[in-house]
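Engineer: Structure for the following, please:
(one chain, ligands or ions: 2)
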Amino acid sequence: MSLTPVERAAHYATRSSRFAKAGPKHLAYFKSVLDQPCSVTQRKGKMLTEKAATAPYNIDWMSQIQGDTPAVLLPTCTKQVSAILRYCQEEKLAVVPQGGNTGLVYGAEPVFDELVLSTQLMSAPPVVSKDTMSVEAEAGVILQQCQEACAKAGMLFPLTMGSKGSAMIGGTVSTNAGGIHFARYGSMHANVLGLEVVTAKGDVLNMMSTLRKDNAGYDLKHLFIGSEGTLGVVTRSAIRLYQQPRSKQTAMFRLSNFESVLALYHLAQEHLAECLSAFEVMDGESLTTSPANQVPYKRTDKNDAFRAGSDFTAAYFCVLVETNGSSETHDFEKLSEFVESAQTRLGDQLSGGGAYEPILSQSAAQTAQLWELREGVPVHLASSGRIYKYDVSFPIDKFYCIVEHTREIVYKKHKVNPAEVLVVGYGHFGDGNVHLNVIDLTRSHAAELDAALYPGVYEFCAAHGGSISAEHGVGMQKRDYVHLSRTPETIRLMQDVKRMMDPNGILNPYKVLPLDT
Ligand code: MLT
Ligand code: ZN
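Structural biologist: Ligands and ions are numbered 1, 2, ... in the order given. Next up, the predicted model:
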């Protein structure tokens, strides 16, 4: 059934009667709080209530879920966040924290009439310390701006991803965002050194620190990292930095089957070892909606027609390999040796009989072009039709099985015409993190696809040692499948923690945890 974004929101939950409706007295209170200038920047907060102004905050990036917030609150300081949340807890007003609104699991938008608390105006310039190798940033700082401030000081911010131009630091911490350098630099859990959070009761927890080691009791900051705004609102964080690599090298390969992708990854481990910073995989089908001039390898080869075959494997795979190191000459030599070895070991699976030589980037512009191809994939896919997105993880040797399995179910069992629905896979191979996307190009297959994909995809993950959420979180989209990746005892404890920290359940309701019955 094809639903509107409002209907889809209602499909996931029913508005809870325990929440009050925000009325004039509440809005007057919020205005009085936001009108108090921040003691540091002297900036006042803002409140938006006009429909046209609140519209972008009401809908998710994929335009699949739409709420109807009575007001978007834009504080400029932690004190205002604290006053707002304390009041909302007392008055039983539901609130959704929101950063750049780039999430993909319906976790940062209102479902009904929750208030939106946007961290957008908490965006003082990040403070970079070369001495402590850390950066301190407010929640509303855009990821790319933070990266640039760090790069200016010769330091590398550990996280990067396609949505860096809109995603905000607070959101990346709250969702434990992953991205393309995860395998090299680790998660936000590994890199957040200190945190300031406002709890659902309005208390300010100052856990700011740049210490690497600190075993003084429970490390509570980890409760907030990845809890997707259900326990508190991240207002500031201190994040670990790395030396900006002196040399960055990139290469792209085209391979004819998944076995050779796995073999190439092991070769990369052998040859590039500590330098390897990204190993991104895109199947040929995921590139079919990218502009033709961006795709370096031709798509018209006879092998491209996977749909004609019966094994549902990909037409081909593109692999983007990046190294970060300390010496240009040394790193280039290493990469060249790796390419040579791949040519010898993988032979025709790599070069397609000489037709698809690996590309070793020769300039910053070429590197940018190769990354543009990878980062553009989700954007071009999403604009080609109605999209179903799955962010799942598997042991790396099973990385691609979910894509082949889904093709079989969609094309064979449900007899959907492959010309009208794309089933593609791309992702962060080193993390075993595959992004399975199904695109209904004609927007006419909702019934078959809903039946084919739910709950089949997640059940397949559970049955094959995978996780239903690799890096995008749970939000509302995967809430009812959490039991496939967490035991009943674990879920019960999560619910107990939520009840204890947020007695009225006002913070980001209907998300992450199965609904109380
Ligand atoms: C990516 O790796 O491109 C992002 O996680 C977004 C997506 O999954 O589409
Ligand atoms: Zn990703």
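Engineer: Residue 404: neighbouring residues, count only.
Structural biologist: If you count neighbours by other Cβ atoms under 10 Å, residue 404 ends up with 17. For the C-beta atoms, the positions are set from N, CA and C on the backbone; glycine is no exception.
Engineer: With adjacent residues omitted, what lies nearest to it?
Structural biologist: Distances taken as Cβ to Cβ, 6 or more residues apart in numbering put residue 312 closest to residue 404, at 4.4 Å, once the chain neighbours are dropped.
Engineer: show me what contacts the closest residue to ligand 1 within the stretch 101-250 of the chain?
Structural biologist: At 4.6 Å from ligand 1, residue 162 is the closest residue in the stretch 101-250 of the chain, using Cβ to the nearest ligand atom. Contacts of residue 162 were listed using Cβ atoms under 8 Å, 6 or more residues apart in numbering, and they are 374-376, 378-379.
Engineer: most neighbours, which of the residues you listed?
Structural biologist: residue 374 leads the contacts of residue 162 on contacts (other Cβ under 10 Å) with 23 neighbours.
Engineer: Now do stretch 206-213: distance to the chain's middle.
Structural biologist: Computed by Cα atoms, centre = their mean, to the nearest Å, the chain-centroid distance of stretch 206-213 equals 25 Å.
Engineer: can you pull the buried residues of that stretch?
Structural biologist: Residues 207, 210 are the ones in stretch 206-213 that count as buried (16 or more other Cβ atoms under 10 Å).
Engineer: For it, the averaged confidence score.
Structural biologist: For stretch 206-213, mean pLDDT rounds to 97.
Engineer: Other residues contacting it?
Structural biologist: Contacts of stretch 206-213 (Cβ under 8 Å, 6+ apart): 129, 132, 134, 136, 193-197, 220-221, 236-238, 240.
Engineer: Mind doing that once more with 7 Å?
Structural biologist: With contact meaning Cβ atoms under 7 Å, 6 or more residues apart in numbering, stretch 206-213 is reached by 132, 134, 193-196, 220-221, 236, 238.
Engineer: Write the ChimeraX selection for whichever of these are buried.
Structural biologist: In ChimeraX, selecting the buried portion of these, with burial taken from 16+ other Cβ under 10 Å, looks like this:
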select :132,134,193,194,195,196,221,236,238
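Engineer: Now intersect the contacts of stretch 206-213 with the helices, please.
Structural biologist: The helices, defined by DSSP state H, take in residue 221 from those.
Engineer: can you redo the contacts of stretch 206-213 as JSON lines with distance to residue 6 and pLDDT?
Structural biologist: Formatted as JSON lines, the contacts of stretch 206-213 follow (distance: Cβ to Cβ, whole Å; pLDDT from 0 to 100):
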{"residue": "132", "distance to residue 6": "48", "pLDDT": "98"}
{"residue": "134", "distance to residue 6": "43", "pLDDT": "98"}
{"residue": "193", "distance to residue 6": "41", "pLDDT": "98"}
{"residue": "194", "distance to residue 6": "40", "pLDDT": "98"}
{"residue": "195", "distance to residue 6": "35", "pLDDT": "98"}
{"residue": "196", "distance to residue 6": "35", "pLDDT": "98"}
{"residue": "220", "distance to residue 6": "37", "pLDDT": "97"}
{"residue": "221", "distance to residue 6": "36", "pLDDT": "98"}
{"residue": "236", "distance to residue 6": "35", "pLDDT": "98"}
{"residue": "238", "distance to residue 6": "40", "pLDDT": "98"}
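Engineer: which residues sit in contact with the closest residue to residue 413 other than its chain neighbours?
Structural biologist: Leaving aside its chain neighbours, residue 413 sits nearest to residue 452 (7.0 Å; criterion: Cβ to Cβ, 6+ apart). By Cβ under 7 Å, 6+ apart, the contact list for residue 452 reads 409-410, 413-414.
Engineer: Now the buried members of those residues.
Structural biologist: 409-410, 414.
Engineer: Out of the residues you listed, which is nearest to ligand 1?
Structural biologist: residue 410 (18.7 Å).
Engineer: tell me the contacts of the closest one?
Structural biologist: Applying Cβ under 7 Å, 6+ apart, the residues near residue 410 are 416, 421, 423, 438, 452.
Engineer: secondary structure element for the residue nearest to residue 453 when sequence neighbours are not counted?
Structural biologist: Excluding the flanking residues, the one nearest residue 453 by Cβ to Cβ, 6+ apart is residue 388, at 5.8 Å. Counting by DSSP states H and E, the element that carries residue 388 is strand 386-393.
Engineer: Give me the contact list for that strand.
Structural biologist: Residues outside strand 386-393 that contact it (Cβ under 7 Å, 6+ apart): 62, 104, 381, 402, 431-440, 443, 449, 453, 457, 461, 466-472.
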